[in-house]
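1. Sequence and predicted structure, then a few things I'm wondering about:
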Number of protein chains: 2
Amino acid sequence: MADVAAAAGVSAMTVSRALRRPDTVSEEVRARVEEASRRLGFVPSRVASALASARTMTVAVLIPSLTNAVFIDLLAGVQETLSPQGYQPLVGITGYGPEAEERVLRTQLAHDPDGVILSGLDHTPGTWDLLRGLTIPVVHTMDLSVEGDLMAEGGHGDCPVQTVGFSQFDAGYAVGAHLVARGRRRIGLIAGQLDSRTRQRCDGWRQALRDAGRHDPARELMVPDATSVALGAELLERALATHPDTDALFLCNDDLAQGALFQCARLGIPVPERLAVAGFNDLAGAAWTVPPLTTVATPRRAIGVEAARLLIAGMESRTPQSRENPRRVDLGFRLMVRETT
Amino acid sequence: MADVAAAAGVSAMTVSRALRRPDTVSEEVRARVEEASRRLGFVPSRVASALASARTMTVAVLIPSLTNAVFIDLLAGVQETLSPQGYQPLVGITGYGPEAEERVLRTQLAHDPDGVILSGLDHTPGTWDLLRGLTIPVVHTMDLSVEGDLMAEGGHGDCPVQTVGFSQFDAGYAVGAHLVARGRRRIGLIAGQLDSRTRQRCDGWRQALRDAGRHDPARELMVPDATSVALGAELLERALATHPDTDALFLCNDDLAQGALFQCARLGIPVPERLAVAGFNDLAGAAWTVPPLTTVATPRRAIGVEAARLLIAGMESRTPQSRENPRRVDLGFRLMVRETT
DNA sequence: GCCTCGTTTGTTAGCGGTAACATGCGCATC
DNA sequence: GATGCGCATGTTACCGCTAACAAACGAGGC
């Protein structure tokens, strides 16, 4: 920067100003600085800038996994919103464990991000302590804070939170109600990856079935393994082995549902005639399976975009809104009724 | 840090040493510093550390897209290898364009990463200039440099490169040869997302067909759109409309192939009896389609892991190996013969 | 012509660590 | 008992940029 300053015949400070806030220097100086800067191939060090200005222009983004398309879409939304504003996402992978999340968050915080985006509200007490102590904005995604009573559930105690997501419970309820409305009577559930969001979906589904008087706990098949097409195929067989008369199944994620559909095709089970199948998330291809899959479209990318927007607002205003102005943005979901039900 | 130093009764320098290289201080001082550090909740600022030591402990990772599972797997491999060593990946999305890549690289470099991982070898001259000027290690992935003659192709001129990948050409050739070996005579090609890797695969396939005297350029259907299940379904129909007698198809990515399979099921086209179908990448679920998809398993995650390893070696040794010791790591591929062929 | 004000540029002093060198100490050596 | 050496710790001087304040300058008002 000193070299550029010398070449442009100004002070280093003026170079800094000319490049960061061109409107604060004279037109003529700006041109000279830009020319010299380009000629010398000057690239300002963001590290030094960060140290001097206390703004790193980075945002910590914690997601459970890279192999789950849901969080990739979330990340894509975040990334495409942050990038144009000059922010660099720092991706952290928590592997679905609140403890690992706390660890990852700690290491991310050492990088002094200007903001934090988390997945879910299922954090350790230690994480909540960390968050409470932060002076940077924090947004929680994919889930919604409990309305009206922040102290009650979810463990976030007296920490006002900013959430962007949708009601996993309601979405699960919608699927259950839909299967009931289709006249199905022996409705089963298959779930993997039992994180808190999955459990809420299952809770919703369960409630819908209870409300209709059709809930049978024995038809719930829940395993902790990560979801996959292979697992869906396997669990379908297992579910039908124990309850061959099942006439509808809710699979808590589309990859499970796709695997189940494949297995049905293989076993010659007519869908939806003998068995109705519903998935969740409306992942790529769900509209193209044979038959096309009924599922719930979740606004993952939009959640990422909105979370990033809220965060940027908080970071630019320098008054973390999570403090005095907690928000709760419900982006909803859509039941996509296709042919498997 | 000064506070911790005071609390522990030592100098700031000793605190720094005690935390970063515990073996360089006495056992007793280390314990005191750790206790004080924990008690005060001290988290060293990586930004300051980076400025003082000229090491940011970050690595720029440039990939074309977040929505392509191939690069997500690559990223996952990179991430899981870098993280334990304390490195933080800085993800940059190039959108498949060499120009965008150059832009993204420039902004990433402003963060002073300690290393760079790129996808492919298809870079702009400006990118090559940038890379040549770097003193940090750089690894190119998913493709291999031209053996023996670094000056010749690929545009990287006199810049010795470190590559980790497999031969896209050979993999495409293997598919072509396989379809030929299966006795197919009217073999078509469907490709989307025409980046340089896809084109090399197509080149390999084409060569295999030429070698067998069965190449018919009219049966190539190449579109620039991003690949997807939907696109695969659509292009299958288009290909069959113009060449109804096609008896084998190579779809350059598994999502296209899955879409094609769905569409075949819908149209009542028996696979593989009337039409053989081969995909590429062995994406999740390929083994579970109906019938299971013949495809090429590519070592994407392993490429990420190996690239990160090479990079770490270069970063720790402080002598960028890309200079005096260019390497070319071929991790190969595997033709997964299943039932669609 | 002098004063005030706004605009543009310069000066100073860090941001929070770490490299490099300096110091002090205990111990083996002669 | 003096000398030298190695190890543990301290001191100094930055890393490259920017916040905050100071100064210089021209324009407009009285």
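-> Cool, got the structure.
2. Next, count neighbours for A:Asp225.
-> Residue neighbour count, defined by other C-beta atoms under 10 Å in any protein chain shown, stands at 12 for A:Asp225. C-betas here are computed from N, CA, C, even on glycine.
3. wait, what's in contact with the residue nearest to it when sequence neighbours are not counted?
-> Counting by C-beta to C-beta, 6 or more residues apart in numbering or on different chains, A:Asp225 lies nearest to A:Gly192, which is 5.2 Å off, once chain neighbours are set aside. Remark: with contacts taken as C-beta atoms under 8 Å, 6 or more residues apart in numbering or on different chains, A:Gly192 is in contact with A:198, A:222-228, A:231, A:235, A:252-253, A:256.
4. Same check on A:Leu130?
-> Residues touching A:Leu130, when contacts are defined by C-beta under 8 Å, 6+ apart, comprise A:102, A:105-106, A:109.
5. per-residue confidence at it?
-> At A:Leu130, the predicted lDDT confidence score is 90.
6. Ok, A:Arg30 next?
-> Here, the pLDDT recorded for A:Arg30 equals 93.
7. which stretches of chain A form helices?
-> Taking DSSP state H to define them, one finds helices in chain A at A:2-8, A:12-20, A:27-40, A:46-53, A:69-82, A:98-109, A:125-133, A:168-181, A:196-211, A:229-242, A:254-267, A:300-317, A:321-324.
8. looking at these, which is closest to B:Pro160?
-> Put simply, out of those the one that sits nearest B:Pro160 is helix A:27-40, at 26.0 Å, with distance taken as C-beta to C-beta.
9. Say whether DNA strand C is contacted by that closest one.
-> Yes: contact between helix A:27-40 and DNA strand C, assessed by C-beta under 7 Å from any atom of the strand, occurs at A:28-29.
10. What about DNA strand D: which of the contacts of A:Leu130 touch it?
-> With the criterion set as C-beta under 7 Å from any atom of the strand, no member of those is near DNA strand D.
11. wait, which of those is closest to A:Met1?
-> The shortest gap between A:Met1 and any of the contacts of A:Leu130 belongs to A:Leu109, at 28.7 Å (C-beta to C-beta).
12. need the contact list for the closest residue to that closest one other than its chain neighbours.
-> The shortest distance from A:Leu109 to any non-neighbouring residue, by C-beta to C-beta, 6+ apart, is to B:Val43 (6.3 Å). Taking C-beta under 8 Å, 6+ apart, we find B:Val43 in contact with A:106, A:109-110.
13. One more: A:Met1?
-> If you count contacts by C-beta under 8 Å, 6+ apart, A:Met1 has them with A:12, A:15-16, A:42, A:44.
14. residues near A:Arg182, how many?
-> Taking other C-beta under 10 Å as the neighbour definition, A:Arg182 ends up with a count of 16.
15. Ignoring the adjacent residues along the chain, who's closest to it?
-> The spatially closest residue to A:Arg182, leaving aside those adjacent along the chain, is A:Thr341, at 5.5 Å (C-beta to C-beta, 6+ apart).
16. any idea how far A:Phe166 lies from A:Leu310?
-> Taking C-beta to C-beta, to the nearest Å as the measure, A:Phe166 falls 15 Å from A:Leu310.
17. Same check on A:Ala171?
-> Taken as C-beta to C-beta, the spacing of A:Ala171 relative to A:Leu310 amounts to 22 Å.
18. repeat for A:Arg199
-> Spatial separation of A:Arg199 from A:Leu310 under the definition C-beta to C-beta is 26 Å.
19. Would you mind telling me which of the two has more residues around it?
-> Taking neighbours as other C-beta under 10 Å, A:Arg199 and A:Leu310 compare with A:Leu310 leading, 23 against 17.
20. my read: the more buried one touches A:Gln162, true?
-> Yes: under the criterion of C-beta atoms under 8 Å, A:Leu310 is in contact with A:Gln162, at a separation of 6.1 Å.
21. can I see the domain layout of chain A?
-> Chain A resolves into domains spanning A:2-44, A:56-166+A:301-332, A:168-297 when parsed by automatic domain parsing.
22. picking up where we left off before, angles on the backbone of the residue nearest to A:Asp225, please.
-> Phi and psi for A:Gly192, reported as degrees, to the nearest 10, are phi -130, psi -180.
23. and stretch A:73-88, does that touch chain B?
-> Yes: applying C-beta under 8 Å from any C-beta of the partner chain, one finds that stretch A:73-88 is in contact with chain B at A:73, A:75-76, A:79-80, A:83, A:88.
24. Name the residues of that stretch that are buried.
-> Buried residues in stretch A:73-88, counting neighbours by 16 or more other C-beta atoms under 10 Å in any protein chain shown, are found at A:73-83, A:87-88.
25. any idea how far that stretch is from the chain center?
-> Relative to the chain's own centre, stretch A:73-88 is displaced by 13 Å; criterion: C-alpha atoms, centre = their mean, to the nearest Å.
26. Just name the shakiest helix or strand of chain A by mean pLDDT.
-> Least confident helix or strand of chain A, by mean pLDDT, DSSP states H and E, is helix A:321-324 with a mean of 50.
27. Can you pull the phi/psi pair for the residue nearest to A:Leu109?
-> With angles defined as degrees, to the nearest 10, B:Val43 sits at phi -120, psi 110.
28. Kindly report the same for A:Arg55.
-> When read as degrees, to the nearest 10, the backbone of A:Arg55 gives phi -130, psi 120.
29. What is the burial count for it?
-> Every residue meeting other C-beta under 10 Å relative to A:Arg55 is counted, giving 17.
30. what does the stretch 201-341 of chain A put close to chain B?
-> Taking C-beta under 8 Å from any C-beta, the part of the stretch 201-341 of chain A that reaches chain B is made up of A:228-230, A:233, A:255, A:258-259, A:262-263, A:265-266, A:284-285, A:287-290.
31. and what of the stretch 51-200 of chain A?
-> Within the stretch 51-200 of chain A, the residues that sit near chain B (C-beta under 8 Å from any C-beta) are A:51, A:56, A:66-67, A:72-73, A:75-76, A:79-80, A:83, A:88-91, A:93, A:106-112, A:133.
32. Now a PyMOL select for only the buried ones of these.
-> Restricted to the buried members of these, where burial is judged by 16+ other C-beta under 10 Å, the PyMOL selection command reads as follows:
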select buried, chain A and resi 51+56+66+67+72+73+75+76+79+80+83+88+89+90+91+93+107+108+109+110+111+112
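33. now the stretch 101-250 of chain A, which segments are flagged as low pLDDT?
-> Within the stretch 101-250 of chain A, the ranges that satisfy pLDDT under 70 run A:147-159.
34. burial of A:Ala100, as a residue count?
-> A:Ala100 is flanked by 16 other residues according to other C-beta under 10 Å.
35. what residues are up against it?
-> Residues counted as contacts of A:Ala100 (C-beta under 8 Å, 6+ apart) are A:Thr94.
36. Would you mind confirming that A:Ala2 makes contact with A:Ser11?
-> No: A:Ala2 is beyond contact range of A:Ser11, at 9.2 Å (criterion: C-beta under 8 Å).
37. I'd assumed A:Ala308 was in contact with A:Val164.
-> No: using C-beta under 8 Å, A:Val164 and A:Ala308 do not qualify as a contacting pair, with a distance of 9.3 Å.
38. ChimeraX command for the buried members of the residues of the stretch 201-341 of chain A next to chain B?
-> With 16+ other C-beta under 10 Å as the burial test, the buried ones among these are selected in ChimeraX as follows:
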select /A:228,229,230,233,255,258,259,262,263,265,284,285,287,288,289,290
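39. mind listing what A:Glu101 touches?
-> A:62, A:94, A:118, A:123-124, A:127.
40. ok, 7 Å please
-> Contacts here follow C-beta atoms under 7 Å, 6 or more residues apart in numbering or on different chains; on that basis A:Glu101 touches A:62, A:94, A:123, A:127.
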